[in-house]
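1. just to be clear, the model below is a prediction. Sequence and coordinates:
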Amino acid sequence: MNFRTVIAATSIAFALSMAGPVSAQDSEAQTVTKNFEAAIPNIPGKSLIALEVDYAPGGASPPHTHAKSAFIHAYVISGAIESKVNDGATRIYRAGESWSEAPGATHSISRNASKTEPAKLLAVFVLDTNDNQLTTPIK
């Protein structure tokens, strides 16, 4: 089993077992819930954060970047998510599928692929503990 698989499986188990406060970033498009946050004990200076992103039908996140140190593993819990990272192809990921984003990546498309059904995504961040702003919109 590789490192990414271990991190993803552990993160998903923790995230789904923990409930956090809900913060609406755009009540029409998405709701973000922090499910888990902890320092990684055997990697000094690194933390693990898991966010659940609920997209309303037709909902989308604005184009954005993440904390410069953040490695991200995204897992579609339900529905279908259309995503484009850096110069990669635009792709639709369905429940059970996942992708990763390298530190410094630009996420130009992140949206619910359906206009009629909701979608849910788990985003797991491994990042420097002192990186406080997880997402920065691109202007």
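-> Cool, the structure landed.
2. from the centroid of this structure, which residue is nearest?
-> Centroid-nearest residue in the chain: A123, 2.3 Å away (criterion: C-alpha atoms, centre = their mean).
3. does that one really touch V53, like I thought?
-> Yes. Between A123 and V53 there is a contact at 6.2 Å, judged by C-beta atoms under 8 Å. From N, CA and C alone the C-beta is placed, and that goes for glycine too.
4. now T33. Its backbone dihedrals?
-> The phi and psi values for T33, taken as degrees, to the nearest 10, are phi -120, psi 130.
5. lowest average confidence across helices and strands of the chain, where is it?
-> Sorting the helices and strands of the chain by mean pLDDT, DSSP states H and E puts strand 22-26 at the bottom, at a mean of 38.
6. surely T33 and E52 touch.
-> Yes. Counting by C-beta under 8 Å, T33 does reach E52; the two are 4.5 Å apart.
7. helices or strands up against the host helix or strand of V32?
-> Here V32 is covered by strand 30-39, with elements defined by DSSP states H and E. Strand 30-39 sits against helix 3-17, strand 22-26, strand 46-55, with contacts defined as 3 or more C-beta pairs under 8 Å, 6 or more residues apart in numbering; DSSP states H and E.
8. one step back: would you mind naming the residues that bridge with the residue nearest to the centre of the chain?
-> Beta-bridge pairing of A123 under DSSP bridges involves L51, A74.
9. just the local confidence number for it, please.
-> The model reports A123 with a pLDDT of 96.
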